[in-house]
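Trainee: have a look; sequence and predicted model below, questions after that.
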Amino acid sequence: MAIPPNVSPAAFNAALDAWRDAVGPEWVFTSEEDVALYRDAYSPFWGEPEERVASAAVAPATVEEVQAVVRAANEHRVPLYPISTGRNLAYGGSAPIYSGSVVLDLKRMNRVLEVNERNAYALVEPGVSYFDLYEHITKAGLDLWIDPPDPGWGSVIGNALDGGAGWTAYPFRDHFGAHCGMEVVLANGEIVRTGMGALPNSKSWQHSRWGYGPWVDGLFRQSNFGVVTKMGFWLMPRPEAMMSSMATSEREEDIIPMLDALNLLENQHVVNGSTQIFQGGRGPAGSAAWTIQVPIYGPEKVVRAQMDYAKAKFTAIPGVKFVEGELFRTPLTPEQLSRVRLVNFGIPNLSTFAMLGRNPGAPDPAGGHIGFSPIVPRTGESLLEFKRFYAENLPKVTNGENLGITGPVYMTCWERTLVCLIMFPIGRDKAMNAKMRHAFETWVRLAAERGWAEYRAPAVYQDLVADTYSFNNHALRRLRETLKDAIDPNGILSAGRYGVWPKHLRKT
Ligand SMILES: Cc1cc2nc3c(=O)[nH]c(=O)nc-3n(C[C@H](O)[C@H](O)[C@H](O)COP(=O)(O)OP(=O)(O)OC[C@H]3O[C@@H](n4cnc5c(N)ncnc54)[C@H](O)[C@@H]3O)c2cc1C
């Protein structure tokens with residue numbers, strides 16, 4: 001049996017006994033075989049000493065059990081790593097950041113506590129996956145959509161807490177942004193409800209986001225300040241229709257006015273779908289230099305009017321063509337469903353994994369990937385600068401080898417934000433993984449020199465990326481550390497997550 005670092009066997013055994021009492025012995029996992037299930041299948045250090053691994057796992061089924069587990073961990077100073085469904089592939093899987101932590105596995109807490117059709121919200125537990133919530137809504141025949149990320153098996157709460165995003169309309173696809181109200185177990189076992197939930201017998205927990213007084217919800221995003229046991233989410237009433245058109249242009253520099261047009265349309269809330277910006281043409285766009293997808297959700301008449309307006313804005317740019325897409329009335333027919341990207345219609349699935357699988361273009365795929373995803377200003381000039389930056393530096397970063405690194409993918413999941421994603425294949429070949437690590441680390445450094453940094457990072461690189469947010473001698477990190485020391489003085493929760501370490505593990 002593995003023992004967490006800095007914990008004596010006696011203290012660990014005492015914690016294990018307390019957990020067995022609290023959750024039942026069958027839900028405390030210490031065998032090598034069980035614990036191996038929490039390894040990160042996409043770890044860039046797979047099979048190497050630096051791979052982050054758990055020592056044990058414990059799986060409570062209720063909030064009271066979570067409290068008991070956390071209290072015992074706090075008493076015996078055992079590091080815990082809470083996960084919801086633990087499918088955080090590309091960002092650490094279900095493995096802890098601090099090797100040897102015990103995984104606090106919340107997937108058994110999988111109740112959909114409420115779905116309110118009239119006010120369009122849901123209140124869920126951490127183990128509720130996108131599949132679960134979709135099934136619940138579909139079975140109940142509610143006229144609501146969820147917003148799944150590409151893999152539908154993840155947790156609605158876990159994805160939101162890691163800063164994830166989906167593919168339907170704004171604001172719903174910003175998953176943390178679409179939440180309303182949380183319940184959190186703190187490191188001392190105390191339960192806090194945020195927003196209107198702090199009012200005993202509150203009738204409006206999921207009706208008003210800000211509550212009263214300082215808003216603390218943001219402290220629990222990409223953080224290690226508590227274990228989230230409930231979270232509310234605003235849902236999209238099923239839109240009557242969705243139409244996705246394409247703006248294309250032949251000239252490289254046209255991306256500058258095109259992105260200005262897109263920004264205007266989004267900032268006016270005329271275009272609300274998840275736009276994608278492609279280099280080159282797509283479908284009828286043929287040989288274009290740039291293609292921007294323009295998806296709009298809403299009532300059919302409104303969508304058509306908004307699309308006319310969007311078309312006018314794009315075609316006012318000399319040389320830009322606008323190809324009107326098909327208008328889909330919801331719910332889609334089986335035939336339509338067979339040829340659309342399901343996540344754009346709120347339907348969870350796992351087809352994204354085909355991208356990483358064996359195919360004619362990739363006869364021997366690595367199997368996994370990690371991504372470097374810096375945020376750059378949402379302007380055509382910045383996009384072109386990033387494109388040049390990528391092309392100029394790729395040979396340096398890879399020592400001229402073709403490592404299968406791909407990019408940049410230009411993503412607009414968040415309002416006003418442009419993410420330029422570079423993807424690195426990760427597999428079981430240690431030498432290859434080492435080359436990927438070198439490339440990843442170099443990109444982080446080079447991008448930071450230009451004033452660009454990531455919105456989310458793989459577990460093993462959360463320190464490296466946090467280091468780039470260094471304004472005023474790391475003032476932001478020091479503020480977070482002050483909060484960490486106050487909220488979790490023994491430093492038992494998710495040590496190291498997003499670069500925040502408890503006092504006893506901090507590097508000087
Ligand atoms: C091919 C591919 C495509 C992907 N596409 C997308 C995409 O479209 N959008 C996207 O957002 N991501 C995407 N991902 C990344 C990732 O797989 C998903 O974000 C996934 O939903 C995260 O896993 P999860 O939901 O199980 O969260 P978890 O693994 O349960 O949680 C993530 C992290 O949040 C913290 N956490 C979770 N629950 C709690 C809690 N209750 N209390 C405190 N802390 C907690 C933990 O640190 C945990 O490690 C993709 C990955 C791959 C491989």
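Mentor: Alright, I've got the coordinates.
Trainee: who in the stretch 351-500 of the chain is up against the ligand?
Mentor: Within the stretch 351-500 of the chain, the positions adjacent to the ligand are 352-353, 355-356, 494, 497 by C-beta under 6 Å from any ligand atom. In this view, the C-beta of every residue, glycine as well, is placed from N, C-alpha and C.
Trainee: quick one, which of the residues you listed are buried?
Mentor: 356, 494, 497 (16 or more other C-beta atoms under 10 Å).
Trainee: the ligand contacts on the chain?
Mentor: Counting by C-beta under 6 Å from any ligand atom, the residues of the chain near the ligand are 82-92, 94, 106, 126, 149-151, 154-155, 157-159, 161-162, 164-165, 227-228, 352-353, 355-356, 494, 497.
Trainee: coming back round to it: need the residues of the stretch 351-500 of the chain next to the ligand in TSV with secondary structure, can you?
Mentor: Listed next are those as TSV, based on DSSP: H, G, I helix; E, B strand; the rest coil:
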residue	secondary structure
T352	helix
F353	helix
M355	helix
L356	helix
S494	coil
R497	helix
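Trainee: how about those residues, which pair is most distant?
Mentor: The span of these, defined through C-beta to C-beta, is set by M355 and S494 at 29.2 Å.
Trainee: now the end-to-end length of stretch 105-119.
Mentor: 31 Å (C-alpha to C-alpha, to the nearest Å).
Trainee: quick one: average confidence on it?
Mentor: Stretch 105-119 shows a mean pLDDT of 98.
Trainee: pull out the buried positions in that stretch.
Mentor: Within stretch 105-119, the residues scored as buried using 16+ other C-beta under 10 Å are 105-112, 115, 117.
Trainee: of the residues you listed, closest to P4?
Mentor: Nearest to P4 out of the buried residues of stretch 105-119 is D105 (C-beta to C-beta; 15.5 Å).
Trainee: report the contact partners of that closest one.
Mentor: By C-beta atoms under 8 Å, 6 or more residues apart in numbering, the contact set of D105 is 38, 57-59, 83, 86, 94.
Trainee: what segments of this structure are helices?
Mentor: All helices of the chain, identified by DSSP state H, fall at 9-23, 32-36, 63-76, 130-139, 156-161, 255-267, 300-315, 334-337, 380-397, 430-449, 462-468, 471-487.
Trainee: how many neighbours does G195 have?
Mentor: Residues within reach of G195, counting by other C-beta atoms under 10 Å, total 24.
Trainee: can you check P148 too?
Mentor: Neighbours of P148 (other C-beta under 10 Å): 29.
Trainee: same deal with the one 4 residues further on?
Mentor: Under the neighbour criterion other C-beta under 10 Å, G152 is assigned a count of 22.
Trainee: pretty sure it is touching L133, no?
Mentor: No: here G152 does not reach L133: they are 9.8 Å apart, not a contact under C-beta atoms under 8 Å.
Trainee: now the two most distant members of the buried residues of stretch 105-119.
Mentor: Maximum distance among the buried residues of stretch 105-119 (C-beta to C-beta): 31.3 Å, for D105 and E117.
Trainee: please enumerate the strands of the stretch 101-250 of the chain.
Mentor: 102-105, 112-116, 121-124, 144-145, 179-185, 191-193, 227-234, 236-237, 241-249 (DSSP state E, counting those that start in this stretch).
Trainee: which neighbouring elements make contact with the lowest-mean-pLDDT helix or strand in the chain?
Mentor: In the chain, no helix or strand scores lower on mean pLDDT, DSSP states H and E than strand 276-279, which sits at a mean of 91. Packing partners of strand 276-279 (3 or more C-beta pairs under 8 Å, 6 or more residues apart in numbering; DSSP states H and E): strand 290-298, strand 406-411.
Trainee: which one, of those, ends up nearest to F314?
Mentor: Closest to F314 of those is strand 290-298 (C-beta to C-beta; 7.4 Å).
Trainee: just how off-centre is the closest one within its chain?
Mentor: Taking C-alpha atoms, centre = their mean, to the nearest Å, one finds strand 290-298 lying 22 Å from the centre of the chain it belongs to.
Trainee: how about stretch 467-485?
Mentor: Its chain's average C-alpha position is 22 Å from that of stretch 467-485, according to C-alpha atoms, centre = their mean.
Trainee: and it, what's buried?
Mentor: Residues 467-468, 477, 480-481, 484 are the ones in stretch 467-485 that count as buried (16+ other C-beta under 10 Å).
Trainee: hmm, S99 and P79 touching each other?
Mentor: No: checked against C-beta under 8 Å, the pair P79 and S99 is beyond contact range at 9.5 Å.
Trainee: now do the shared contacts for these two.
Mentor: Shared contacts of P79 and S99, defined by C-beta under 8 Å, 6+ apart, comprise P5.
Trainee: the more surrounded of those two?
Mentor: Comparing P79 with S99 by other C-beta under 10 Å, the one with more neighbours is P79, at 27 against 20.
Trainee: count of neighbours near the nearest residue to the more buried one once chain neighbours are set aside?
Mentor: Spatial nearest neighbour of P79, excluding adjacent residues (C-beta to C-beta, 6 or more residues apart in numbering): S101 at 4.1 Å. Per other C-beta under 10 Å, the neighbour tally for S101 reads 29.
Trainee: give me every residue that touches S101.
Mentor: By C-beta under 8 Å, 6+ apart, the contact list for S101 reads 4, 54-55, 79-81, 494-495.
Trainee: next: D21.
Mentor: Contacts of D21 by C-beta under 8 Å, 6+ apart are A68.
Trainee: and A68, by the same measure?
Mentor: With C-beta under 8 Å, 6+ apart, A68 has these contacts: 18-19, 21-23, 60, 189.
Trainee: now with 10 Å?
Mentor: Each residue near A68 by C-beta atoms under 10 Å, 6 or more residues apart in numbering is listed here: 18-19, 21-23, 60, 62, 189.
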